[in-house]
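Colleague: here is a sequence together with a model predicted from it:
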Amino acid sequence: MKPLILHIEQIKDKTFFREFEENARTFPIIAGMIKNRECEFLEPLKIGVKAFKIRELYEVEGNFLTRIRLACSRCLKDFDTPLASDFALTYTREVPGLMDVLNAEEIELRLEEIGLLYFRGEEINLQQGIQEQVVMAFPLQPLCAEDCKGLCPKCGSDLNQKDCGCEREPSANKFAVLKNLKLEKT
Ligand SMILES: [Zn+2]
Ligand SMILES: [Zn+2]
């Protein structure tokens, strides 16, 4: 079986299920992100899809899971994290009659507007649809930990490892002053 392709004659009832394992580099946009060092993929993508037909629509519901390496947006250190998501894609066959009156690009644009993806012939190629889902699952602001302290804006030390001793912003200073006052009282 070719990668990430569903043969529509097999999609009859709700029992259709397929699993795929795909190297991230087979997705052109993701291959570009890897090349630009925006991320590394530590494992292939494990993809599971259910598919069923409702009139002329093919509903593809699935999920993917992999592990990636990203740079923390606060401390700039690399960290590993799972990347996973559920997705639902709706495909419809291109309508041959319509192709005579409108050009193919125009139809594709209209289908995209209403959230439909389309296919020709007897196969649905999931590559583009799934690629979009994987890209959307990336965190906008990757963090190695929710409470990552980041780098000192003055000396650049990693504040997760040690307190460099540089003067902190006013809020932290106030707290330090209070602490010193309490110590003086005792
Ligand atoms: Zn961090
Ligand atoms: Zn510092």
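Modeller: Arrived safely, thanks for sending. On a predicted model such as this, the values are computed, not experimentally measured, just so you know. Numbers count the residues shown, from 1 in each chain. Ligands and ions are numbered 1, 2, ... in the order given.
Colleague: need phi/psi at residue 133.
Modeller: Main-chain dihedrals, residue 133, degrees, to the nearest 10: phi -60, psi -40.
Colleague: skipping adjacent residues, who's closest to it in space?
Modeller: residue 87 (4.2 Å; CB to CB, 6 or more residues apart in numbering). Yep, even glycine has a C-beta here, placed from its N, CA and C like the rest.
Colleague: report pLDDT for that neighbour.
Modeller: We have a pLDDT of 96 for residue 87.
Colleague: and the helix or strand that contains it, what does it pack onto?
Modeller: For residue 87, the element it lies in under DSSP states H and E is strand 78-93. Packing partners of strand 78-93 (3 or more CB pairs under 8 Å, 6 or more residues apart in numbering; DSSP states H and E): strand 57-71, strand 117-119, helix 127-137.
Colleague: do that strand and ligand 1 meet?
Modeller: No. For strand 78-93, no contact with ligand 1 is found by CB under 5 Å from the ion; the gap never falls below 6.9 Å.
Colleague: closest one to residue 42 among the helices and strands packed on strand 78-93?
Modeller: Residue 42 lies closest to strand 57-71 among the helices and strands packed on strand 78-93, at 4.3 Å (CB to CB).
Colleague: specify the angle between the closest one and strand 78-93 in degrees.
Modeller: On the basis of axes from the mean of the first three to the mean of the last three CA atoms, to 10 degrees, strand 57-71 is oriented at 160 degrees to strand 78-93.
Colleague: hey, what's the residue nearest to residue 133 bridged with?
Modeller: Going by DSSP bridges, residue 87 is paired in beta bridges with residue 62.
Colleague: over to the one 4 residues further on?
Modeller: Beta-bridge pairing of residue 91, defined through DSSP bridges, involves residue 58, residue 117.
Colleague: ok, now residue 67?
Modeller: Counting by DSSP bridges, residue 67 forms beta bridges with residue 82.
Colleague: any idea of the pLDDT on it?
Modeller: So residue 67 comes in at 98 (pLDDT).
Colleague: quick one: name the residues of the protein near ligand 1.
Modeller: Contact residues (CB under 5 Å from the ion) of the chain with ligand 1: 72, 74-75, 144, 148.
Colleague: check what pLDDT the spatially most central residue of the chain gets.
Modeller: With distances taken as CA atoms, centre = their mean, residue 137 lies nearest the centre of the chain, 2.2 Å away. pLDDT for residue 137: 97.
Colleague: these two touch, right, it and residue 84?
Modeller: Yes. Counting by CB atoms under 8 Å, residue 84 is a contact partner of residue 137 at 7.1 Å.
Colleague: thanks a lot, see you next time.
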